[in-house]
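Peer 1: sequence-free structure coming up:
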Ligand SMILES: NC(=O)c1ccc[n+]([C@@H]2O[C@H](COP(=O)([O-])OP(=O)(O)OC[C@H]3O[C@@H](n4cnc5c(N)ncnc54)[C@H](OP(=O)(O)O)[C@@H]3O)[C@@H](O)[C@H]2O)c1
């Protein structure tokens, strides 16, 4: 049962990094009629969380301060709103919280019923918490933007995944292999064997000349590049590596991405650069949870910290060198 107060970590304004995280006791949130109260067992951080703190999407996010960061949680339902039909107290779930209101760095959260998915016993809270933003982005990039069929029934495809060792990238490698793609991945030298163990066929160290040039060791041209590296890569680097109708799917689009996107569209270029902003939907999350249950997809955990050390997790994510997902446990 939830008491009246809970531990949480919040920020009072923009900037300040991990040092600006404040540990507080706040009232346990009360679910509205279409919401569920969840006792959090694991929360995963995403770069979005510290980008919101940096003010990258101000003035839209967060909707107000003080703000409890983080959106991706797994836990147990403790209470449901009057209009909630599909969940009851005791259910194990994974949920996405509203980006504008956050809430994940806390002992309890409220989530909209439509953004919650049941979590089978085979899927741990940590594995599930990694999935919402990172897993859904990888899923959408591959299935919707690159046209990969996860049952392997599509045509053979060459895929390059940049920053494949990160939260999004490590899911993308596994999903692309389920889709029977030939996967080339970029990462730092320390993660080459790790990515091979996830199924990557070729791995490039991004700090070498061939890695920086994104050149496939076997001379392949890529039908799709899922660009997850936070550092920008120019079109002139992507272009010679693309197949005739190849596409770059850029999940970290900057101004130049939008310019190139428009130019390629307007000139009817066969090679395209497409910015992608994922649209979290519970149906995608359900597919990912099922894949984890079936042992076809795994969440690799970079590090786990208790809520009392949320600063360490925050710093780890901000440093940009996580391998897999950064987890916080209340
Ligand atoms: N558009 C969307 O909807 C959407 C959704 C999710 C995420 N994103 C964005 O996508 C980016 C990646 O997210 P994430 O969660 O995967 O981040 P992450 O987990 O923090 O990524 C860290 C990993 O990236 C690797 N890396 C960094 N620079 C690299 C480079 N130039 N080449 C190859 N590997 C590199 C690091 O390897 P080393 O330690 O070896 O450097 C590290 O393993 C973030 O900017 C995030 O905000 C966008």
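Peer 2: Received the coordinates, thanks. All values derive from a computational prediction rather than experimental measurement.

Peer 1: Would you agree residue 127 is in contact with residue 295?
Peer 2: No: between residue 127 and residue 295 there is no contact under CB atoms under 8 Å: 11.0 Å. (Each C-beta comes from the backbone N, C-alpha and C, glycine too.)

Peer 1: From the neighbour counts alone, determine which of those two ranks first.
Peer 2: Taking neighbours as other CB atoms under 10 Å, residue 127 and residue 295 compare with residue 127 leading, 24 against 8.

Peer 1: Report the helix or strand with the lowest average pLDDT across this structure.
Peer 2: None of the helices or strands of the chain scores lower by mean pLDDT, DSSP states H and E than helix 255-266, at a mean of 90.

Peer 1: Need the contact partners of it.
Peer 2: Helix 255-266 is contacted by residues 232, 234, 235, 250, 253, 269, 271, 272, 273, 274, 275 when judged by CB atoms under 8 Å, 6 or more residues apart in numbering.

Peer 1: Name only those of these that count as buried.
Peer 2: Buried by 16 or more other CB atoms under 10 Å: 235, 250, 253, 271, 272, 273, 274, 275, out of the contacts of helix 255-266.

Peer 1: Under the pLDDT cut-off, which ranges of the chain? List them.
Peer 2: Within the chain, the set of residues satisfying pLDDT under 70 comprises 1.

Peer 1: if we can go back for a sec, give me the buried stretch members for the least confident helix or strand of the chain, please.
Peer 2: 257, 260, 261, 264.

Peer 1: Repeat that for stretch 144-159.
Peer 2: 145, 146, 148, 150, 157, 158, 159.

Peer 1: just to revisit the earlier point, can I get the contacts of helix 255-266 in JSON lines including secondary structure and distance to residue 137?
Peer 2: Shown next, in JSON lines, are those (DSSP: H, G, I helix; E, B strand; the rest coil; distance: CB to CB, whole Å):
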{"residue": "232", "secondary structure": "coil", "distance to residue 137": "18"}
{"residue": "234", "secondary structure": "coil", "distance to residue 137": "22"}
{"residue": "235", "secondary structure": "helix", "distance to residue 137": "21"}
{"residue": "250", "secondary structure": "strand", "distance to residue 137": "12"}
{"residue": "253", "secondary structure": "coil", "distance to residue 137": "12"}
{"residue": "269", "secondary structure": "coil", "distance to residue 137": "25"}
{"residue": "271", "secondary structure": "coil", "distance to residue 137": "22"}
{"residue": "272", "secondary structure": "strand", "distance to residue 137": "18"}
{"residue": "273", "secondary structure": "strand", "distance to residue 137": "17"}
{"residue": "274", "secondary structure": "strand", "distance to residue 137": "13"}
{"residue": "275", "secondary structure": "strand", "distance to residue 137": "12"}
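
Peer 1: Enumerate the residues of the protein near the ligand.
Peer 2: Proximity of the chain to the ligand, by CB under 6 Å from any ligand atom, involves residues 46-48, 51, 133-134, 137, 162-163, 165-169, 186-188, 191, 206, 228-231, 251-252, 276-278, 317, 320-323.

Peer 1: Check these for burial and list the buried ones.
Peer 2: Applying 16+ other CB under 10 Å to the residues of the chain next to the ligand, the neighbour count classes 46-48, 133-134, 137, 162-163, 165-169, 186-187, 191, 206, 228-229, 251-252, 276, 278, 317, 322-323 as buried.

Peer 1: where does residue 247 fall, phi/psi-wise?
Peer 2: Residue 247 adopts backbone torsions of phi -140, psi 140, taken as degrees, to the nearest 10.

Peer 1: Do I have it right that it meets residue 274?
Peer 2: Yes: between residue 247 and residue 274 there is a contact under CB under 8 Å: 6.0 Å.

Peer 1: secondary structure class for the residue nearest in space to the middle of the chain?
Peer 2: Nearest to the geometric centre of the chain sits residue 134, at 1.4 Å (CA atoms, centre = their mean). Local secondary structure at residue 134 is given as helix here, using DSSP: H, G, I helix; E, B strand; the rest coil.

Peer 1: Tell me who's in contact with the closest residue to residue 177 other than its chain neighbours.
Peer 2: Of all residues not flanking residue 177 in the chain, residue 199 sits nearest, at 3.8 Å (CB to CB, 6 or more residues apart in numbering). Residue 199 makes contact with 173, 174, 177, 183 under the criterion CB under 8 Å, 6+ apart.

Peer 1: try 10 Å this time
Peer 2: Neighbour list for residue 199: 173, 174, 175, 176, 177, 178, 181, 183, 185 [criterion: CB atoms under 10 Å, 6 or more residues apart in numbering].

Peer 1: Using the record's assignment, carve the chain into domains.
Peer 2: Following automatic domain parsing, the chain resolves into domains at 5-130+299-329, 134-275.

Peer 1: Verify the contact between the residue nearest to the centre of the chain and residue 174 for me.
Peer 2: No: look at residue 134 against residue 174 with CB atoms under 10 Å: they stay out of range, at 11.6 Å.

Peer 1: any common contacting residues for those two?
Peer 2: Each of residue 299 lies in contact with both residue 134 and residue 174 under the rule CB under 10 Å, 6+ apart.
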